[in-house]
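Just to be clear, the model below is a prediction. Sequence and coordinates:
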Amino acid sequence: MHWQQRSKIMRIQALVNPFYQQLEYITKQVNAYQIDQIAQGWPPSSAAVFPNTWSDLQPAYLPNCSTTDNNAGKCRKPEQTPWGTTMLMTKINSPVPPSVTPRYRLQIQIPFPNATSDATQLEHQAVLESLGRFPGSEFQAASNSLSVWVDRIDSGVQQDALVKRSGDDSTLTGDWDVGGNYAITNAKDVTIRNSDGSQRRLGAGTVSTLITKHNQRVDKHKCPTGLTPAIATSIKGIFNETDPTVPFANVSSSRSYTVSSSTYWTVKLDYFATVNGVITPLHDGEVNVQLICN
């Protein structure tokens, strides 16, 4: 009788072994789901890196099986077991004491065949012997089920220490040296912390400086989103370029300014000076120009 029971258990286990492999595949695909969620910016220890339901894994991570095909015996849904029960998926918050920081893991609960029924007692024993050795599993007699725990991926600990693409909860703990061979490019803006804790935008301020003359055109520059191109001028020097041999004196009412057009500014320099005893309007000289974003 004992040999007959053992032989039956072995036959059942032969049918359960493919499910063991299926369970390995499911945990592997849950990890793939985690990787993609982390790549999208979710913190590795958060609940968002784990699927909410089996449908979250289909069809990208696990194959689809419609109810029609399932009823026709063409396929088995990922959550179905060979003995007819349905696996449950639950996200559990399991912080590591003494920390209370949320740290989530996934519980896949596998209901077993009835352990007390004569009809399913051997099946229960065979399933328990086969799946009880699954890594990260725990049999719970009270619910007659096996819990398979899927923790955050191994690189999750390392991911927590990295600067995240999303920028959340990932401040630097030291100076960031990019090595001197590479640049930080295509940034929308950069802010600098002032001594009082306020922030100064590098995108807002001087873009470039140049020296111009009266009636010289300066193309309007581009600014980051939310900022407007502007120009500021100041007189660099006043001198007689038209006829350097003729001195002038009594310079007054001097000013530099610009006239705006759609794509450029025209720099202006106006002043009055006494030339050969006559007060004359002049424009000779140089103007400092600052292109700014504000």
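Good, I have the coordinates. Residues are numbered from 1 along each chain as shown.

From here on, just use CA atoms for contacts and neighbour counts.
OK.

pretty sure Ser234 is in contact with Ser256, am I right?
Yes. With contacts counted by Cα atoms under 8 Å, Ser234 reaches Ser256, the gap being 5.9 Å.

Now do the shared contacts for these two.
Taking Cα atoms under 8 Å, 6 or more residues apart in numbering as the criterion, Ser234 and Ser256 both touch Val287.

For the chain, name the helix or strand with the lowest mean pLDDT.
Every helix and strand of the chain was ranked by mean pLDDT, DSSP states H and E. The lowest is helix 155-160, at a mean of 53.

Count the neighbours of Trp265 for me.
19 (other Cα atoms under 10 Å).

Okay, now the sheet partners of the helix or strand hosting it, with direction.
Assessed by DSSP states H and E, Trp265 sits inside strand 264-275. Sheet pairing of strand 264-275 (DSSP bridges) gives strand 217-219 (antiparallel), strand 248-260 (antiparallel), strand 278-282 (antiparallel).

Please point out which parts of the first one sit buried.
To tie it back to what came earlier, the one meant is strand 217-219. Of the residues in strand 217-219, 217-218 count as buried by neighbour count, 16 or more other Cα atoms under 10 Å.

angle of the helix or strand following that strand against strand 248-260?
As assigned by DSSP H and E, the chain's next helix or strand after strand 217-219 is strand 229-237. Computed with axes from the mean of the first three to the mean of the last three Cα atoms, to 10 degrees, the direction of strand 229-237 lies at 170 degrees from that of strand 248-260.

Quick check: which helices or strands does strand 229-237 pack against?
Using 3 or more Cα pairs under 8 Å, 6 or more residues apart in numbering; DSSP states H and E, the elements in contact with strand 229-237 are strand 248-260, strand 286-293.

Among those strands, which comes closest to Ser46?
With Cα to Cα as the criterion, Ser46 lies closest to strand 286-293 of the helices and strands packed on strand 229-237, at 39.9 Å.

Next up, phi/psi of Gln37, please.
Per-residue torsions, Gln37: phi -70, psi -40 (degrees, to the nearest 10).

Helix, strand, or coil at Leu23?
Under DSSP: H, G, I helix; E, B strand; the rest coil, the three-state class of Leu23 is helix.

mind checking pLDDT for it?
Leu23 carries a pLDDT value of 93.

mind checking how far it is from Val30?
As for Leu23, its distance to Val30 is 11 Å (criterion: Cα to Cα, to the nearest Å).

Which one's more surrounded, these two?
A side-by-side neighbour count of Leu23 and Val30, using other Cα under 10 Å, places Val30 first with 22 against 19.

Quick check: chain neighbours aside, which residue is closest to that one?
Excluding the flanking residues, the one nearest Val30 by Cα to Cα, 6 or more residues apart in numbering is Phe50, at 7.2 Å.

Pull the contacting residues for that neighbour.
30, 33-34, 91, 105-106.

re the thing from before, please identify which of Ser234 and Ser256 sits among more neighbours.
Per other Cα under 10 Å, whichever of Ser234 and Ser256 has more neighbours is Ser256, with 21 against 15.
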